[in-house]
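K.L.:
Just to be clear, the model below is a prediction. Sequence and coordinates:
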Amino acid sequence: MAKELDMKKTVYELCRDNAEVIEIMKELGFDAITSPGMLNTAGRFMTIPKGAAMKGIPMDKIRETFTGRGYVIIE
């Protein structure tokens, strides 16, 4: 079964449901994701698209990286 990445869920929800998301996001440039404090505060309302816009990380790069790791992206 393919892993799903729902772009409407918060970063906190995604990381809580699948710890691998933390490492992938760190590789993409979301360095603060490894801080439990950041994940438990900003992560509770931040989605990947919002975070990407703030960090200037192209959504195409994020989609490619996650699909390359076996994820199905849900928009």
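P.N.:
That came through, no problem. Numbers count the residues shown, from 1 in each chain.

K.L.:
Alpha carbons only: can I get the lowest-mean-pLDDT helix or strand in the chain in CSV?
P.N.:
Least confident helix or strand, the chain: helix 36-41 with a mean of 91, by mean pLDDT, DSSP states H and E. As requested, C-alpha coordinates have been extracted for helix 36-41 and formatted as CSV (Å, rounded to 0.1, in the frame of the first residue of the first chain):
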residue,chain,number,x,y,z
PRO,A,36,10.2,19.3,19.3
GLY,A,37,9.2,22.8,20.4
MET,A,38,8.8,24.1,16.9
LEU,A,39,6.9,21.0,15.8
ASN,A,40,4.5,21.3,18.8
THR,A,41,3.9,25.0,18.3
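
K.L.:
Residues contacting whichever helix or strand comes after that helix, please?
P.N.:
Per DSSP states H and E, the first helix or strand lying C-terminal to helix 36-41 is helix 48-55. Applying Cβ atoms under 8 Å, 6 or more residues apart in numbering, the set of residues contacting helix 48-55 from outside is 5, 7, 11, 14, 25, 29, 30, 57, 58, 59, 62. C-beta: built from backbone N, CA, C; applies to glycine.

K.L.:
distance between the least confident helix or strand of the chain and the chain's centre?
P.N.:
When C-alpha coordinates are averaged (Cα atoms, centre = their mean, to the nearest Å), helix 36-41 and its chain have centres 14 Å apart.

K.L.:
In the contacts of helix 48-55, find the pair that's most separated.
P.N.:
Using Cβ to Cβ, these span at most 18.7 Å, a distance reached by 14 and 58.

K.L.:
Brilliant, that's me finished.
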